[in-house]
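In: Sequence and predicted structure are below.
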Amino acid sequence: MFISHGSGKDQGKDQCVEDAVSLLVPELKRRGYEVFFDVESLRVGDVWAEELYMELFACDAAVVLLGPKTLEAPEWVRRETEVLVSRHVMKDLPHVLPGLMGGLDPKQARKVGFGPLFRLQACIQDRVAPYNPPPSLDCSVTVFVDWMLAEFANFGEAARDERVFEWAGRIADYLDKAARSSPKRVLTAAERLGLQDGDLQQLKARIGSDILLAFRLLAAAKEGGRLAQAVAELRPVLDGSLAGLVQELLPGWADQEAAECFLPAQDDDAPNDTRVIIFPARLPWMAEHHVERALCRKPMSWRVSTLAEESDLPWSEESPASRLRAACMEQLHDLFRVPPWNTLSDVEAIPGVLPYLVVNLKDYELETIIEVVRSLAEEFEGLKVLNVVVLAPEDVPEPKELEGCGLTDAVVVHPSPTDAEQRRAYQLYMAMDELLEQCG
């Protein structure tokens, strides 16, 4: 448990924060938590001490205590908050609790860089039972501490997803390569990303700076523009490996909760039928990004194939179902690595790899898609491990239509990406594509 706190300047301590620490720490230790809270002794000059940095990225849960006086000297707590919230956004840190205390001024707190903490606070306020909303900003320290301890009781044993840290580690490897070639380029990329003076000093010191910047880059994928500008700065020093960095970063825009809809149930080791996923999005690569986001781009853990648009299929007098079946069989040969001279009877699940076939609902009738997929699964037993993603760019099929197609168990991705999110993702995708074209 990492507790980030600042008590304000020497002339005006935040007594509420100090009282909260004195109440929280012994009680958390009594409950069996390993608590790291002696942060102030490790804030040296402009750069985090190595131990402080390690604790920021090693913790399984965190608390940020913020009072009015802290806003007079916010730099350290703000930087720690950005790291913790970035990890939380990427699902690497399951639990971050904002401790907004002492009647602090929200407007001033946002002005000095604590906007992410208030967005986190808003998410907590919107939860339902068994969780309770956070207390008011002017509540007593005892009320606040009681609420926080009750929150810890609800946390259970959820731990960080190590795959996210490994994902960030792969990005950090690219950044390390860039920094060895031109530290200035990495600093300029960080500036394009919006990092401020204290964070830039951390990058200059090279104490954990690569992983710090990796998480910030992943989180920036949701915004789009800044990320493209930052990556463009690294082009001269990464050259041939820039495409690898871009591929790692692009799925960061996808919502983690939506991405998890693409994964089979943990206890579904032997599926009885092909799984159908209804995805309200416009472009096939958006589905692949969600798969990659769900799997944290773990190497060799997914394969995605997209069916050609109906207009691109060879003309034939056969029925739409027959044409679709022929197109599916061609794609499935590739998806399951079956040689073209063999039949799909030779399909075998690739160990550790999830297969996905993406079909666009604007090109084919839902009933036809399901008819073809099921007939193939009945004929070829190995296809039961297949995940079929049905893109629904206009409207998600109504429950009655799904029921009519025998899809009562279909997964409808939620929350679906909004038009604004898809627009930003498209702009980011195109900007990165143009950047790679410039690289030749």
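Out: Thanks, I have it. Numbering: from 1, shown residues only.
In: can you pull the pLDDT of the nearest residue to Asp210 once chain neighbours are set aside?
Out: Spatial nearest neighbour of Asp210, excluding adjacent residues (C-beta to C-beta, 6 or more residues apart in numbering): Ala172 at 3.8 Å. Using the backbone N, CA and C atoms, a C-beta is placed for each residue, glycine as well. As predicted, Ala172 sits at a pLDDT of 93.
In: neighbouring contacts of the host helix or strand of Ala172?
Out: Assigned by DSSP states H and E, Ala172 falls within helix 162-181. Applying C-beta atoms under 8 Å, 6 or more residues apart in numbering, the set of residues contacting helix 162-181 from outside is 57, 87, 90-92, 185-186, 189, 206, 209-211, 213-215, 217-218, 234, 237-238, 241, 244-245, 248-249, 295-298.
In: after it, next one along is what?
Out: Following helix 162-181 toward the C-terminus (DSSP H and E): helix 183-193.
In: That next one packs against which elements?
Out: Judged by 3 or more C-beta pairs under 8 Å, 6 or more residues apart in numbering; DSSP states H and E, helix 183-193 is in contact with helix 162-181, helix 197-205, helix 209-220, helix 225-238.
In: which stretch among the ones you listed comes nearest Val347?
Out: Among those, helix 162-181 comes nearest to Val347, with 27.3 Å by C-beta to C-beta.
In: how much does the closest one deviate in direction from helix 209-220?
Out: Orientation check (axes from the mean of the first three to the mean of the last three C-alpha atoms, to 10 degrees): helix 162-181 against helix 209-220 gives 120 degrees.
In: And helix 162-181, what's buried?
Out: 163-165, 167-168, 170-179 (16 or more other C-beta atoms under 10 Å).
In: Quickly name whichever of these is closest to Glu309.
Out: Trp167 (31.9 Å).
In: distance of that closest one from Ser301?
Out: Separation of Trp167 from Ser301 (C-beta to C-beta, to the nearest Å) stands at 11 Å.
In: who touches Asp433 in this structure?
Out: Contacts of Asp433 (C-beta under 8 Å, 6+ apart): none.
In: which stretch of helix or strand covers Val358?
Out: Secondary structure assignment for Val358, by DSSP H and E: strand 354-360.
In: how about stretch 386-403: buried residues?
Out: For stretch 386-403, by 16+ other C-beta under 10 Å, it's 386-392, 396-397, 402.
In: For those residues, work out which two are farthest apart.
Out: Among these, the pair separated by the greatest distance (C-beta to C-beta) is Leu386 and Val396, at 21.3 Å.
In: ok, of the buried residues of helix 162-181, which one's closest to Arg78?
Out: Closest to Arg78, out of all of the buried residues of helix 162-181 and judged by C-beta to C-beta, is Ala168, at 20.7 Å.
In: remind me which residues of the stretch 251-400 of the chain are low pLDDT?
Out: Residue ranges of the stretch 251-400 of the chain with pLDDT under 70: 266-272, 313-314.
In: for it, what spans make up the strands?
Out: With strands called from DSSP state E, counting those that start in this stretch, the stretch 251-400 of the chain shows them at 275-279, 302-306, 354-360, 387-391.
In: can I get these in CSV with distance to Gln108?
Out: CSV is the format used below for the strands of the stretch 251-400 of the chain (distance: least, C-beta to C-beta, whole Å):
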stretch, distance to Gln108
strand 275-279, 42
strand 302-306, 46
strand 354-360, 48
strand 387-391, 45
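In: Nearest to Gln438, out of these?
Out: Here strand 302-306 is closest among these (C-beta to C-beta), at 25.8 Å.
In: Report all helices and strands that that closest one contacts.
Out: Against strand 302-306 (3+ C-beta pairs under 8 Å, 6+ apart) you get helix 284-294, helix 320-335, strand 354-360.
In: Distance to Leu28 and mean neighbour count for these - can I get that in CSV?
Out: Output for these, formatted as CSV (distance: least, C-beta to C-beta, whole Å; neighbours: other C-beta atoms under 10 Å):
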stretch, distance to Leu28, mean neighbour count
helix 284-294, 32, 23
helix 320-335, 49, 18
strand 354-360, 39, 22
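In: now the ones you listed as CSV including distance to Ala61?
Out: Output for these, formatted as CSV (distance: least, C-beta to C-beta, whole Å):
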stretch, distance to Ala61
helix 284-294, 23
helix 320-335, 40
strand 354-360, 30
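In: Figure out which of these is closest to Arg110.
Out: Between the helices and strands packed on strand 302-306, helix 284-294 lies closest to Arg110; by C-beta to C-beta that is 28.3 Å.
In: In CSV, list the C-alpha atoms belonging to that closest one.
Out: Extracted C-alpha coordinates of helix 284-294, given in CSV (Å, rounded to 0.1, in the frame of the first residue of the first chain):
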residue,chain,number,x,y,z
PRO,A,284,-12.2,-4.1,-38.2
TRP,A,285,-8.9,-2.9,-36.7
MET,A,286,-10.8,-1.4,-33.8
ALA,A,287,-11.8,-5.0,-32.9
GLU,A,288,-8.2,-6.1,-33.2
HIS,A,289,-7.1,-3.3,-30.9
HIS,A,290,-9.6,-4.4,-28.3
VAL,A,291,-8.3,-7.9,-28.5
GLU,A,292,-4.7,-6.7,-28.1
ARG,A,293,-5.8,-4.4,-25.2
ALA,A,294,-7.5,-7.3,-23.4
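In: helices or strands up against it?
Out: helix 256-260, strand 275-279, strand 302-306, strand 354-360, strand 387-391, helix 419-439.
In: Of all those, which one is nearest Leu324?
Out: That would be strand 354-360 among the helices and strands packed on helix 284-294, by C-beta to C-beta, at 8.3 Å.
In: what's next to the closest one, contact-wise?
Out: The contact list for strand 354-360 (C-beta under 8 Å, 6+ apart) reads 262-264, 284, 287-288, 291, 295, 301-307, 309, 328, 331-332, 335-336, 349, 369, 385-391, 393.
In: I'm done for today, thanks for sticking with me.
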